[in-house]
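1. My questions concern the predicted model and sequence given below.
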Amino acid sequence: MGGQGDWRVKGRPAREWATSACATLPPRSRHSGGRALEPDRSVRPRLERRLKHLSPEMSLKNEEQNDLSPKDSVKGNDQYRAPSGIHLEHEEESRNDSQQFESSDLFRHRRIYLEPQEKSDNNFKKFVIKKLEKSCQCNSTKAKNIIFGFLPVLQWLPKYDLKKNILGDVMSGLIVGILLVPQSIAYSLLAGQEPIYGLYTSFFASLIYFILGTSRHISVGIFGVLCLMIGEVVDRELYIAGYDTVHAASNESSLVNQMSDKTCDRSCYAIIVGSTVTFVAGVYQVAMGFFQVGFVSVYLSDALLSGFVTGASFTILTSQVKYLLGLSLPRSSGVGSLITTWIHVFRNIHKTNICDLITSLLCLLVLLPTKELNERFKSKLKAPIPVELFVVVAATLASHFGKLNEKYSTSIAGYIPTGFMPPKAPDWNLIPRVAVDAIAIAIIGFAITVSLSEMFAKKHGYTVKANQEMYAIGFCNIIPSFFHCFTTSAALAKTLVKESTGCQTQVSGVVTALVLLLVLLVIAPLFFSLQKSVLGVITIVNLRGALRKFKDLPQMWRISRMDTVIWFVTMLSSALISTEIGLLTGVCFSMFCVILRTQKPRTSLLGLVEDSEVFESMSAYKNLQTKSGIKIFRFVAPLYYVNKEYFKSALYKKTLNPVLVKAAQRKAAKKKIKRETVTFSGIQDEVSVQLSHDPLEFHTIVIDCSAIQFLDTAGIHTLKEVRRDYEAVGIQVLLAQCNPSVRDSLARGEYCKKDEENLLFYSVYEAMTFAEDSQNQKERYVPNGPSFSSD
């Protein structure tokens with residue numbers, strides 16, 4: 001074999017051949033198919049560093065032989081070993097040499113070489129000025145768009161198809177209006193208000209949403225959970241103000257005083273508190289729409305909302321028991337209100353009004369079966385049977401002509417005036433005391449409204465604007481708060497009725513408002529003799545949907561055990577502690593579950609599906625192929641400070657621990673033992689490493705990053721540490737399928753420095769074939785000839 005200084009490649013000095021190959025490389029390597037970009041300046045230095053190891057005696061003498069003929073022969077160089085990754089083919093021209101070099105094994109794998117776009121000047125001051133200039137521009141088109149965007153009724157009402165839509169809208173509006181009359185009166189008691197205020201609330205909410213709303217199907221009005229939350233605040237403030245929370249003043253005298261603008265008593269103060277909370281909640285909702293912070297609702301998952309509503313339903317049911325039994329009990333509020341209410345009920349069970357109890361049982365026997373029939377045969381019925389209205393009318397007539405209040409002292413609705421009371425502003429002095437309570441009410445209200453509007457819009461093939469929905473529900477609370485109303489939102493039960501009875505557009509809301517207006521102007525006083533026990537039964541019967549969620553638990557458990565746990569935690573905390581604390585507990589526990597899921601996510605070794613380029617978990621599927629010397633590891637979570645240690649421990653457990661291997665190698669080197677078996681006791685298991693001149697059982701680890709959504713600083717340091725530890729024992733680490741966020745984090749974290757080889761690949765399959773080919777080339781050339789150091 002010729003001397004080291006005389007080594008030639010295809011009849012030319014090795015350094016001359018490599019230099020000419022580098023010089024003729026195009027700016028973008030053709031192996032990438034236009035995706036992987038590698039400037040020639042990154043290839044040439046790497047090749048020159050490799051060629052430095054051709055011979056310690058190679059110097060400028062070899063470089064001066066550039067003018068030698070390419071036909072010069074290489075004597076005795078049969079066992080020459082080329083640098084890793086370069087095939088020597090017989091070519092005559094240097095350009096052909098470079099092209100052959102470019103198509104070699106290492107260069108045909110699509111590694112990620114992306115040239116980032118030039119970043120624009122992100123001057124914050126210029127950005128703000130530009131935005132302000134754009135926002136402050138005023139012209140007729142922009143003004144029209146703003147007005148039409150804020151008042152959607154101006155867009156769709158001129159296009160209203162009277163023949164196609166009017167029948168369905170009128171029918172659905174009438175049915176919902178009839179159902180709202182008894183429910184509005186019943187839910188007023190739940191909110192701690194007089195019956196007339198529930199009718200006011202439903203009327204104004206239906207009318208305002210018609211003007212501002214974008215959903216054609218949802219019914220906006222009173223909602224049981226929000227009424228409960230309002231009632232708790234009202235009772236607390238009444239107690240602080242020194243009003244009697246058990247026996248209210250005469251309904252008739254109280255309402256007459258309010259309508260004549262005289263001294264405000266208990267009933268008057270209760271609606272002032274309720275309207276003030278409603279005003280603040282509406283301001284919050286409009287602010288969330290203005291600042292586009294509707295993303296807050298994403299933290300209220302379906303499981304959390306379902307559990308919260310079910311837990312609140314238990315509290316609502318408990319609060320209505322005293323009306324069913326005809327008991328005069330103080331309303332419990334605060335922590336543990338459900339338990340204290342039941343204690344009060346059992347302590348006073350002997351005071352049960354038999355007349356109220358019998359009335360409650362009769363109403364239950366009528367309402368429950370009829371409601372079930374309505375749901376079972378809703379596809380065959382053109383409209384649901386308004387059984388609640390029938391029960392209210394029948395009970396009112398029986399109470400009036402039977403003189404039940406005079407004979408048996410039953411609790412009745414009392415005087416309900418006709419017409420509207422004078423507008424009155426909320427009490428500004430109360431705002432600091434109810435501001436915190438209004439936060440939860442606002443979030444629950446807009447979350448339910450937006451979710452229902454999007455659900456029915458998707459079902460019927462149109463779109464809604466989430467921010468406009470927040471504006472709509474916000475003004476449905478702000479404006480009515482000046483007219484003696486309390487908080488409203490969309491309600492699922494009435495929305496389903498509205499949809500099933502042929503609702504086509506928001507015009508049905510106007511029809512509903514007209515029905516309520518008729519009651520307010522003419523019919524309301526006729527409900528004077530209506531027993532409160534009947535209203536309590538109506539409220540309880542309407543809780544069936546929330547209480548039925550228990551039937552869905554087995555299926556929820558099969559789908560997601562974590563969601564089931566969230567449901568139970570939220571439900572129990574809402575029922576046993578309080579509604580506000582229950583909601584906060586549910587949100588915090590949901591966030592904790594998200595962290596828990598990413599703290600110890602699924603990890604697995606992957607195998608290749610036969611006759612494909614797809615990789616799946618070897619622990620989940622059979623008959624997967626593996627490649628000798630290559631381990632493919634998948635981590636199904638973001639890699640950040642919470643789970644960085646788990647990532648390392650899982651990777652080491654499924655492959656080997658390079659720290660222990662390195663320690664064993666050092667120990668063996670010190671003892672100068674050619675072959676030794678060393679056993680280490682690790683935290684997870686016992687690792688046995690055979691130290692000898694034989695290679696380790698694998699030479700490459702490919703990390704599938706497809707399920708890693710993002711990296712933080714700790715995650716980048718962990719990947720660097722893992723790569724450094726494995727390379728110390730001769731194992732290369734490749735990354736595959738990194739998303740743009742991960743690639744950007746790796747670039748900013750200098751995972752691959754400028755003088756290092758880029759080991760990022762578009763797919764796991766390309767990383768695997770790269771590892772196979774690079775190992776084959778090492779095995780081909782290592783037995784003979786001098787060794788070459790890698791980058």
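-> Received it, and whenever you're ready, just let me know what you need. Please read these numbers as outputs of a predicted model, since none were measured by experiment.
2. secondary structure element for residue 138?
-> Secondary structure assignment for residue 138, by DSSP states H and E: no helix or strand.
3. Now do the buried residues in the one helix or strand residue 179 maps to.
-> With elements taken from DSSP H and E, the one containing residue 179 is helix 162-190. Buried residues in helix 162-190, defined by neighbour count with 16 or more other C-beta atoms under 10 Å: 165-166, 168-190. (C-beta placed from N, C-alpha, C; glycine too.)
4. before we move on, what about stretch 301-321?
-> For stretch 301-321, burial by neighbour count (16+ other C-beta under 10 Å) applies to 301, 303-321.
5. taking those one by one, which sit in helices?
-> Mapping those onto helices (DSSP state H) picks out 303-321.
6. isn't residue 202 right up against residue 221?
-> Yes - counting by C-beta atoms under 8 Å, residue 202 does reach residue 221; the two are 4.3 Å apart.
7. Check the contact lists of the two and give me the overlap.
-> Residues touching both residue 202 and residue 221 by C-beta atoms under 8 Å, 6 or more residues apart in numbering: 180, 184, 488.
8. Could you check how far residue 139 is from residue 145?
-> Counting by C-beta to C-beta, to the nearest Å, the gap from residue 139 to residue 145 is 10 Å.
9. cool, residue 607 as well?
-> 56 Å.
10. more neighbours, those two?
-> Relative neighbour count places residue 607 above the other of residue 607 and residue 145, with 20 against 11, counting by other C-beta atoms under 10 Å.
11. ok, back up a step: show me what the helix holding residue 179 is packed up against.
-> Contacts defined by 3 or more C-beta pairs under 8 Å, 6 or more residues apart in numbering; DSSP states H and E place helix 162-190 against helix 195-212, helix 224-241, helix 302-325, helix 387-402, helix 492-500, helix 507-518, helix 532-541.
12. 10 Å instead?
-> Judged by 3 or more C-beta pairs under 10 Å, 6 or more residues apart in numbering; DSSP states H and E, helix 162-190 is in contact with helix 195-212, strand 220-221, helix 224-241, helix 302-325, helix 387-402, helix 492-500, helix 507-518, helix 532-541.
13. Which stretches in the chain count as strands?
-> With DSSP state E as the criterion, the chain has strands at 8-9, 12-13, 220-221, 489-490, 603-608, 615-617, 630-635, 676-681, 686-691, 700-704, 732-736, 760-761.
14. Show me what the last one packs onto, helices and strands only.
-> I take that to be strand 760-761. Counting by 3+ C-beta pairs under 10 Å, 6+ apart, strand 760-761 packs on strand 732-736, helix 740-748, helix 764-781.
15. closest to residue 717 out of these?
-> Proximity to residue 717, assessed across the helices and strands packed on strand 760-761 by C-beta to C-beta, is greatest for helix 740-748 (11.2 Å).
16. Same question for the closest one: list its buried residues.
-> Buried residues in helix 740-748 (16+ other C-beta under 10 Å): 742-743, 745-746.
17. Among those, find me the one that's closest to residue 619.
-> residue 742 (24.2 Å).
18. can you pull the pLDDT of the closest one?
-> In this model, residue 742 is scored at 90, pLDDT.
19. Contacts only, for it.
-> 638-639, 705-706, 708-711, 715-716, 719, 735, 751, 760 (C-beta atoms under 10 Å, 6 or more residues apart in numbering).
20. Just to check, residue 578 is in contact with residue 333?
-> Yes - if you go by C-beta atoms under 10 Å, residue 578 and residue 333 touch, sitting 7.9 Å apart.
21. what's the overlap in contacts for those two?
-> Contacts common to residue 578 and residue 333, judged by C-beta under 10 Å, 6+ apart, are residue 232.
22. so residue 275 makes contact with residue 479?
-> No - with contacts counted by C-beta under 10 Å, residue 275 stays clear of residue 479, the gap being 11.0 Å.
23. Residues that sit against both of these two, list them.
-> Common neighbours of residue 275 and residue 479 (criterion: C-beta under 10 Å, 6+ apart): residue 485.
24. check contacts around the residue nearest the centre of the chain.
-> In the chain, the residue lying closest to the centroid (C-alpha atoms, centre = their mean) is residue 298, at 4.6 Å. Residue 298 is in contact with residue 447, counting by C-beta under 10 Å, 6+ apart.
25. for the one 3 residues further on, same thing?
-> Remark: with contacts taken as C-beta under 10 Å, 6+ apart, residue 301 is in contact with 307, 563, 566-567, 570, 586-587, 590, 593-594.
26. low pLDDT regions in this structure?
-> For the chain, applying pLDDT under 70 flags the ranges 1-125, 127, 131-137, 244-263, 294-297, 383, 672-696, 754-758, 779-791.
27. In the record's domain split, what are the boundaries for it?
-> 4-108, 167-245+260-592, 603-656+696-781 (automatic domain parsing).
28. Just say which of those domains is most tucked in.
-> Of all the domains of the chain, domain 167-245+260-592 carries the top mean neighbour count, a mean of 20, counting by mean count of other C-beta atoms under 10 Å.
29. Quick check: end-to-end length of that domain?
-> This stretch, domain 167-245+260-592, spans 50 Å end to end (C-alpha to C-alpha, to the nearest Å).
30. Hmm, residue 225 and residue 545 touching each other?
-> No - with contacts counted by C-beta under 10 Å, residue 545 stays clear of residue 225, the gap being 12.0 Å.
31. who touches both of those two?
-> Residues touching both residue 545 and residue 225 (C-beta under 10 Å, 6+ apart) are 309, 313.
32. which one of the buried residues of helix 740-748 sits closest to residue 775?
-> Set against residue 775, the nearest of these by C-beta to C-beta is residue 746 (24.1 Å).
33. so the closest one makes contact with residue 735?
-> Yes - between residue 746 and residue 735 a contact is recorded at 7.6 Å, counting by C-beta under 10 Å.
34. shared neighbours, those two?
-> 112, 705, 719, 752, 760.
35. which two from the residues you listed end up farthest apart in space?
-> 112 and 719 (14.9 Å).
36. how close does the residue nearest to residue 520 when sequence neighbours are not counted sit to residue 417?
-> Spatially, and ignoring its direct neighbours in sequence, residue 520 is nearest to residue 199 (5.6 Å; C-beta to C-beta, 6 or more residues apart in numbering). From residue 199 across to residue 417, the span is 10 Å (C-beta to C-beta).
37. Give the residues shared as contacts by the two.
-> The contact lists of residue 199 and residue 417 share 520, 524, where a contact means C-beta under 10 Å, 6+ apart.
38. re the thing from before, so the residue nearest to residue 520 is in contact with residue 188, correct?
-> Yes - between residue 199 and residue 188 a contact is recorded at 8.0 Å, counting by C-beta under 10 Å.
39. Overlap in contacts, those two.
-> Taking C-beta under 10 Å, 6+ apart as the criterion, residue 199 and residue 188 both touch 222, 416.
40. Could you export stretch 487-502 as CSV, CA atoms only?
-> Only the C-alpha atoms of stretch 487-502 are listed here, as CSV (Å, rounded to 0.1, in the frame of the first residue of the first chain):
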residue,chain,number,x,y,z
THR,A,487,-79.1,37.4,35.1
THR,A,488,-80.0,35.5,32.0
SER,A,489,-78.3,33.1,29.6
ALA,A,490,-79.2,30.4,27.1
ALA,A,491,-81.0,27.3,28.4
LEU,A,492,-80.7,23.9,26.8
ALA,A,493,-84.2,22.6,27.6
LYS,A,494,-86.0,25.6,26.1
THR,A,495,-83.6,25.6,23.2
LEU,A,496,-84.4,22.0,22.4
VAL,A,497,-88.1,22.8,22.5
LYS,A,498,-87.6,25.8,20.3
GLU,A,499,-85.7,23.7,17.7
SER,A,500,-88.2,20.8,17.8
THR,A,501,-91.2,23.1,17.2
GLY,A,502,-89.8,24.5,13.9
